[in-house]
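Student: could you look at this predicted model? Sequence included:
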Amino acid sequence: MLVLDAVDAGYDSSQVLSGMTLSVGAHEVVSLIGRNGMGKSTTVRTIMGLLPARRGRILLDGRDLAGLAPNRIARMGIGLVPEGRRIFGSLSVEENLLATARAPSTSASGWSIDRVHALFPRLRERRTQSARTLSGGEQQMLAIARALMTNPRLLVLDEATEGLAPLIRGEIWACLQMLKDEGQTILVIDKNLDEMAMLVDRHHIVEKGRVVWQGTPQELDARPEVAQRFLGV
């Protein structure tokens with residue numbers, strides 16, 4: 001579904017991505033993992049058109065995304081849950097969801113207000129509240145629900161569990177497992193390897209703007225030297 005082929009990108013004179021290459025197949029859940037500052041979030045920004053690629057190709061179902069505006073990329077079927085949530089604080093919970101609502105691209109049943117309320121009952125309880133009054137965990141649920149309301153073919157989550165209490169993290173991981181079971185394609189960036197192990201089909205380890213290792217969670221468990229070299233502090 002998604003292919004990054006030797007992508008370079010950066011900010012001003014600084015190059016962050018250097019030959020970034022990865023793929024996400026339909027109905028797969030794959031990760032980008034690595035130490036801070038290695039290019040994971042820059043990869044997401046480049047996929048979404050928020051940062052132009054200087055070299056290489058980004059393909060969604062074979063269509064090149066180069067030069068497309070972020071709103072056009074989103075309409076092509078990529079839903080983003082950004083780092084830091086970035087909900088619309090001045091809007092109510094329900095207004096946040098309606099602001100991004102988009103009909104599914106096929107006749108299959110898609111995401112609606114009722115369906116996201118069933119997934120996250122707290123959002124139903126707080127539907128008239130200003131989004132800025134929600135707890136951090138509730139704001140993260142809203143950020144995921146808002147992305148789902150675009151009825152994405154590919155869901156991208158950038159540090160969706162960062163800073164959350166263990167109980168809330170567990171709810172988020174359970175939600176993602178349910179989405180996987182339904183066939184949702186997901187690209188996830190996170191630091192919680194243990195919690196990702198049951199969800200992710202393939203890890204991509206990022207070091208200095210490129211993928212230096214990829215494999216299943218089981219293969220990574222069997223290679224502790226790889227984890228120590230690229231993920232250890």
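Tutor: Okay, I see it.

Student: now for the longest helix along the chain, which elements pack on it?
Tutor: Using DSSP state H to define each element, the chain has its longest helix at helix 166-181. Packed against helix 166-181 by the contact rule (3 or more C-beta pairs under 8 Å, 6 or more residues apart in numbering; DSSP states H and E) you find helix 136-148, strand 185-189, helix 193-196. Every residue, glycine included, has its C-beta placed from N, CA and C.

Student: among those, which is nearest residue 20?
Tutor: Across the helices and strands packed on helix 166-181, residue 20 has its closest neighbour in strand 185-189 (12.7 Å, C-beta to C-beta).

Student: nearest spatial neighbour of residue 57, chain-adjacent residues omitted?
Tutor: residue 5 (4.5 Å; C-beta to C-beta, 6 or more residues apart in numbering).

Student: same question, residue 89
Tutor: Using C-beta to C-beta, 6+ apart, the closest residue to residue 89 is residue 132 (3.5 Å).

Student: that neighbour belongs to a strand, doesn't it?
Tutor: No. Membership of residue 132 in a strand is not supported by DSSP: H, G, I helix; E, B strand; the rest coil, which gives helix.

Student: residues contacting it?
Tutor: The contact partners of residue 132, taken as C-beta atoms under 8 Å, 6 or more residues apart in numbering, are 87, 89, 90.

Student: residue 6 against residue 18, yeah?
Tutor: No. Between residue 6 and residue 18 there is no contact under C-beta atoms under 8 Å: 9.1 Å.

Student: how far away is the nearest residue to residue 164 once chain neighbours are set aside from residue 180?
Tutor: With C-beta to C-beta, 6+ apart as the criterion, residue 164 has its nearest non-adjacent residue at 5.3 Å, and that residue is residue 137. According to C-beta to C-beta, to the nearest Å, residue 137 and residue 180 sit 21 Å apart.

Student: same thing with residue 34?
Tutor: Residue 34 is 22 Å from residue 180, where distance means C-beta to C-beta.

Student: in terms of neighbours, single out the busier of the two.
Tutor: Remark: of residue 34 and residue 180, residue 34 carries more neighbours, 23 against 19, as counted by other C-beta atoms under 10 Å.

Student: which residues does the more buried one contact?
Tutor: Per C-beta under 8 Å, 6+ apart, neighbours of residue 34: 40, 205, 206, 207, 230, 231.

Student: who does the strand or helix carrying the second one pair up with?
Tutor: When secondary structure is defined by DSSP states H and E, residue 205 falls within strand 202-207. Strand pairing for strand 202-207, using DSSP bridges, gives strand 29-33 (parallel), strand 210-215 (antiparallel).

Student: give me the distance from the longest one to the chain's centre.
Tutor: How far strand 210-215 lies from its chain's middle: 18 Å, per C-alpha atoms, centre = their mean, to the nearest Å.

Student: okay, now residue 90: neighbour count?
Tutor: Counted with other C-beta under 10 Å, residue 90 comes out at 10.

Student: that one: what's it in contact with?
Tutor: Counting by C-beta under 8 Å, 6+ apart, residue 90 makes contact with 130, 131, 132.

Student: report the separation between the last one and residue 159.
Tutor: From residue 132 over to residue 159 the distance is 20 Å, taken as C-beta to C-beta.

Student: then the second one?
Tutor: The span separating residue 131 from residue 159 equals 19 Å under the rule C-beta to C-beta.

Student: looking at these two, which has the bigger crowd around it?
Tutor: When neighbours are counted by other C-beta under 10 Å, residue 131 and residue 159 differ, and residue 131 comes out ahead with 24 against 19.

Student: that older thread, out of the strands paired with strand 202-207, which one sits most buried?
Tutor: Greatest average neighbour count among these goes to strand 29-33 (a mean of 22), per mean count of other C-beta atoms under 10 Å.
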